[in-house]
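Student: give me the fold of what follows.
(3 chains)
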Amino acid sequence: MPELPEVETVRRGLEPVLAGQRLARVEARRPDLRWPLPDGFVQRLTGARILGLGRRGKYILAHLDRGDTLIIHLGMTGRFEIEGAAPRAPGAFVMAVPANPKHAHIVFETEAGVRITFFDPRRFGSMDLAETAALDESPRLAGLGPEPLGPDFNAAHLKKAFAGRRQSAKTLLLDQRIVAGLGNIYVCEILHRARVSPLTEAGAIGARRLGAIALATRQVLEEAIDAGGSTLRDYASAEGELGYFQHSFEAYGREHEGCRTPGCQGVIHRIVQGGRSTFYCPVCQR
DNA sequence: CGATACACCTGTGTGC
DNA sequence: TGCACACAGGTGTATC
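Tutor: Numbering: from 1, shown residues only, chains lettered A, B, ... in the order given. Model prediction:
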């Protein structure tokens, strides 16, 4: 589920309750997430102070004072619940859907008495530890493409990354080695905004349309992050969950509905690419 | 490399 | 109501 905007929203929600805090207690109730927890996971975290929270692609990074960084991936269904934060503290949320306690896999408790629980029914999420000094070389992060909202992501990068590639634009934008953080929903949205067909052979896309894709990527992600940010404000409360927020899409999930591109009379179609649903308008996306 | 299939795991919605 | 099935926002591996 969570793509870059959701991950960034979760990061921002966790930051006020975790940054600067010491972890008084860490409990690994289930070690078998996407990958097994690293050796000494609980020991390496217990007593450590979290210096701050970062993000790389869809990974949340918690930098610790002992030289480790905790690397968190939410998978498809990962979410955090915060309990015991000060009322109305930013980052504390109303529970939208009660989390099933049997999926509470990892529990952190800060010195301040706040409990942060990681729930993940499908267990596609993961937690790992790496040395902060060599973070970029860690197995999880090595090979990730540039941040889509960073300075290295632009038409020139796409031109280089797409050159000679015969796979579809949809497939390559989903490839985290080309750009880090996009998932199925936002790739659909980006290509719709850029008016580029998801079926287009990537290597055949000209500079002008690569520019449109790069621009649409920034716009769509920033708007979604803003929407997540407003969710953070709207749902500030004493207890809550982090992981999902409501957002409206132009293409994703709108099969058979009218295209909303101004002046376009098309209808959104659903096709399958690489085993995953693609939503697009065959009229305005060429 | 490219394209595809499949694997991991659980929940939810739909149609019969 | 029960049951089978399709499908879900991710990503790593194997195979040809």
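
Student: alongside DNA strand B, which residues does chain A contribute?
Tutor: Taking Cβ under 7 Å from any atom of the strand as the contact definition, chain A meets DNA strand B at A:32, A:34, A:100, A:102-103, A:121-124, A:164-167, A:171, A:274-275. Bear in mind the C-beta positions are built from the backbone N, C-alpha and C, glycine included.

Student: which of the residues you listed are buried?
Tutor: Buried members of the residues of chain A next to DNA strand B, counted by 16 or more other Cβ atoms under 10 Å: A:34, A:103, A:121, A:123, A:165, A:171.

Student: in the stretch 151-286 of chain A, which spans are helices?
Tutor: Per DSSP state H, counting those that start in this stretch, the stretch 151-286 of chain A carries helices over the ranges A:155-162, A:169-174, A:184-194, A:207-234.

Student: next, the angle helix A:155-162 makes with the last one.
Tutor: Put plainly, it is helix A:207-234. With axes from the mean of the first three to the mean of the last three Cα atoms, to 10 degrees defining the directions, helix A:207-234 sits at 110 degrees from helix A:155-162.

Student: return the helix or strand in chain A with minimum mean pLDDT.
Tutor: Every helix and strand in chain A was compared by mean pLDDT, DSSP states H and E; the lowest is strand A:240-242, with a mean of 56.

Student: quick one: distance of stretch A:38-54 to the chain centre.
Tutor: Distance, stretch centre to chain centre, for stretch A:38-54: 21 Å (Cα atoms, centre = their mean, to the nearest Å).

Student: coming back round to it: can I get the helices of the stretch 151-286 of chain A in TSV including mean pLDDT and distance to DNA strand C?
Tutor: Below are the helices of the stretch 151-286 of chain A laid out as TSV (pLDDT from 0 to 100; distance: least, Cβ to the nearest atom of the strand, whole Å):
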stretch	mean pLDDT	distance to DNA strand C
helix A:155-162	94	16
helix A:169-174	95	7
helix A:184-194	95	4
helix A:207-234	87	9
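
Student: which one, of those helices, ends up nearest to residue A:77?
Tutor: Nearest of the helices of the stretch 151-286 of chain A to residue A:77, taken as Cβ to Cβ: helix A:184-194 at 14.4 Å.

Student: elements contacting the closest one?
Tutor: Helix A:184-194 sits against helix A:169-174, helix A:207-234, strand A:276-280, with contacts defined as 3 or more Cβ pairs under 8 Å, 6 or more residues apart in numbering; DSSP states H and E.

Student: residues in contact with the residue lying closest to residue A:201 once chain neighbours are set aside?
Tutor: In space, and not counting its chain neighbours, residue A:201 is closest to residue A:166: 5.5 Å by Cβ to Cβ, 6 or more residues apart in numbering. Residues in contact with residue A:166 (Cβ atoms under 8 Å, 6 or more residues apart in numbering) are A:201-203.

Student: show me where the stretch 1-150 of chain A dips below the pLDDT cut-off.
Tutor: By pLDDT under 70, the low-scoring segments of the stretch 1-150 of chain A are A:1, A:86-98.

Student: let's see that with 50 instead.
Tutor: Per-residue confidence for the stretch 1-150 of chain A (pLDDT under 50) gives these ranges: A:91-95.

Student: which residue does chain A have closest to DNA strand B?
Tutor: Per Cβ to the nearest atom of the strand, residue A:167 is where chain A lies closest to DNA strand B, at 2.9 Å.

Student: backbone phi and psi for that residue, please?
Tutor: Note on residue A:167: backbone dihedrals following degrees, to the nearest 10 are phi -70, psi 160.

Student: quick one: the strands in chain A, in order.
Tutor: For chain A, the strands defined by DSSP state E occupy A:23-28, A:50-56, A:59-64, A:68-73, A:79-83, A:104-110, A:115-119, A:126-131, A:240-242, A:269-273, A:276-280.

Student: now render the ones you listed as TSV, adding distance to DNA strand C and mean neighbour count.
Tutor: What follows is the strands of chain A, written out as TSV (distance: least, Cβ to the nearest atom of the strand, whole Å; neighbours: other Cβ atoms under 10 Å):
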stretch	distance to DNA strand C	mean neighbour count
strand A:23-28	20	16
strand A:50-56	10	18
strand A:59-64	7	22
strand A:68-73	6	23
strand A:79-83	11	23
strand A:104-110	15	20
strand A:115-119	15	21
strand A:126-131	8	20
strand A:240-242	12	23
strand A:269-273	7	14
strand A:276-280	3	20
